[in-house]
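**Q** quick one: sequence plus predicted model below, questions after.
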Amino acid sequence: MSRAGAPAAAPAKPPVEPLLEQFLDSLWLERGASRLTLAAYRTDLLSFAAHMFLRGAPLASASRADLLTYLAAPAQAGLAPRSLGRRLSALRGFFRYLVREGLTQEDPTARIESPRLGRPLPKTLTEADVERLLSAPAGDTPEALRDAAMLELLYASGLRVSELVGLRIAQVDLNRGVLVVLGKGARERLVPVGETALERIETYLSKARGALLGGQVSDALFVTRRGGGMTRQGFWHRLRHYARLAGFERLPSPHTLRHAFATHLLNHGADLRAVQMLLGHADLSTTQIYTHVARERLKALHAQHHPRG
């Protein structure tokens, strides 16, 4: 009780840090995370922020020891491995985002093992679904020609959405049919582009880009009428628009098209290491999430061609 007999004031709550909000925005823009996923990540990160607040330190300054201390209590209390894994996943995503954006030098989650769980398969689209989506931008307006080129290129190349909207004119070699892409960790890679995507890009460049710029100057490949490059948020809204036009009940994200790119390549016999290089994964283990596709294809081939299949 206080001197006046009133209840003692509740402990101050940690402020919601801007970096946390920026990270959650990136989940929505780049991966199309659902509201439920964003709410779960927010809850887990705010819980850890409160843990750090009691230690008198901001969320981004956490060490490996801070994380282990935070995770130990619920683990000892019998929290399900899946729930514990979700907490660690939220923290891992947050600190990887900080490293990627150059906001911290070290990821304190790097040497913390996740609880052993069956890894969920990435959401993807069938080839028929992709055809429906890529056919949605109709007409010859500058916006439709730009959007058709962006969707076709995203599926043809497997780029991350940040890589797609960040493309500059100088990174596109139409004669050789390749892109020079600067991916995570400033790693440069050459990405081949199929004929259909090249045709869409050429049509966009000759008939739409100048009209969108209206005399303004930009080195961005994909531009808007404001004179600047397309943003991740802007492209996400365009994708949702076309998904609705194509009759999708569950709206795909740009990341879904990246998954479709990898899945369909493996379905048609591509080597896993080649897919790793095309996706820009530093570690093959990241790409191995797609090996279920290769296994299913091998089973189908065995059943079709083996005399006792």
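**A** Yes, it's here. Numbering: from 1, shown residues only.
**Q** can we go C-alpha only for contacts and neighbour counts from here?
**A** OK.
**Q** nearest residue to residue 162 in space, please, no chain neighbours.
**A** residue 232 (6.4 Å; Cα to Cα, 6 or more residues apart in numbering).
**Q** what pLDDT does the one you found get?
**A** With respect to pLDDT, residue 232 has a value of 91.
**Q** check residue 119 too.
**A** pLDDT at residue 119 comes out at 53.
**Q** ok, residue 71 - contacts?
**A** 84, 88 (Cα atoms under 8 Å, 6 or more residues apart in numbering).
**Q** could you shift the numbering so residue one becomes 25, and keep it that way?
**A** OK, 25 is where the count begins now, so the last one is residue 95.
**Q** secondary structure element for it, which one?
**A** Assessed by DSSP states H and E, residue 95 sits inside helix 88-100.
**Q** the helix or strand following that helix to helix 88-100, inter-axis angle?
**A** Later in the chain than helix 88-100, the nearest helix or strand by DSSP H and E is helix 105-124. For helix 105-124 against helix 88-100, the angle by axes from the mean of the first three to the mean of the last three Cα atoms, to 10 degrees is 160 degrees.
**Q** any buried residues in helix 105-124, and which?
**A** Across helix 105-124, burial judged by 16 or more other Cα atoms under 10 Å covers 108-122.
**Q** next: stretch 55-68.
**A** In stretch 55-68, counting by 16+ other Cα under 10 Å, buried: 55-57, 62, 65-66, 68.
**Q** and those, which is closest to residue 179?
**A** residue 55 (14.8 Å; Cα to Cα).
**Q** which residues touch that closest one?
**A** Per Cα under 8 Å, 6+ apart, neighbours of residue 55: 277-280.
**Q** burial count for residue 93?
**A** When neighbours are defined as other Cα atoms under 10 Å, residue 93 has 11 of them.
**Q** relative to residue 198, how far out is it?
**A** Distance of residue 93 to residue 198, given as Cα to Cα, to the nearest Å: 53 Å.
**Q** same question, residue 216
**A** 10 Å.
**Q** can you check residue 260 too?
**A** 25 Å.
**Q** which one of these two has more residues nearby?
**A** Between residue 260 and residue 198, residue 260 has the larger neighbour count (other Cα under 10 Å), namely 19 against 14.
**Q** which element is the more buried one on?
**A** Here residue 260 is assigned to helix 256-269, by DSSP H and E.
**Q** can I get that helix in PDB, CA atoms only?
**A** Extracted in PDB, the C-alpha atoms of helix 256-269 (Å, rounded to 0.1, in the frame of the first residue of the first chain):
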ATOM      1  CA  ARG A 256       7.200  -4.100 -51.500                       C
ATOM      2  CA  GLN A 257       3.900  -3.000 -50.000                       C
ATOM      3  CA  GLY A 258       2.700  -1.700 -53.400                       C
ATOM      4  CA  PHE A 259       3.500  -4.900 -55.100                       C
ATOM      5  CA  TRP A 260       1.900  -6.900 -52.300                       C
ATOM      6  CA  HIS A 261      -1.400  -5.000 -52.900                       C
ATOM      7  CA  ARG A 262      -1.200  -5.600 -56.700                       C
ATOM      8  CA  LEU A 263      -0.700  -9.300 -56.100                       C
ATOM      9  CA  ARG A 264      -3.700  -9.500 -53.800                       C
ATOM     10  CA  HIS A 265      -5.700  -7.600 -56.400                       C
ATOM     11  CA  TYR A 266      -4.900 -10.100 -59.100                       C
ATOM     12  CA  ALA A 267      -5.400 -13.100 -56.800                       C
ATOM     13  CA  ARG A 268      -8.900 -11.900 -56.100                       C
ATOM     14  CA  LEU A 269      -9.500 -11.400 -59.900                       C
END
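**Q** tell me which stretches of the protein form strands.
**A** Using DSSP state E, the strands of the chain run over residues 196-197, 202-206, 212-216.
**Q** to residue 172, which of these lies closest?
**A** strand 196-197 (16.8 Å).
**Q** show me what the closest one is packed against.
**A** Packed against strand 196-197 by the contact rule (3 or more Cα pairs under 8 Å, 6 or more residues apart in numbering; DSSP states H and E) you find strand 202-206.
**Q** quick one: the strand it packs on to strand 212-216, angle?
**A** Using the same axes, to 10 degrees: strand 202-206 against strand 212-216 is 150 degrees.
**Q** what's in contact with strand 202-206?
**A** Contacts for strand 202-206 (Cα under 8 Å, 6+ apart): 187, 191, 195-197, 212-217.
**Q** PyMOL command for the buried members of these?
**A** Here is the PyMOL command that selects the buried residues among the contacts of strand 202-206 (16+ other Cα under 10 Å):
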select buried, resi 187+191+195+196+213+215+216+217
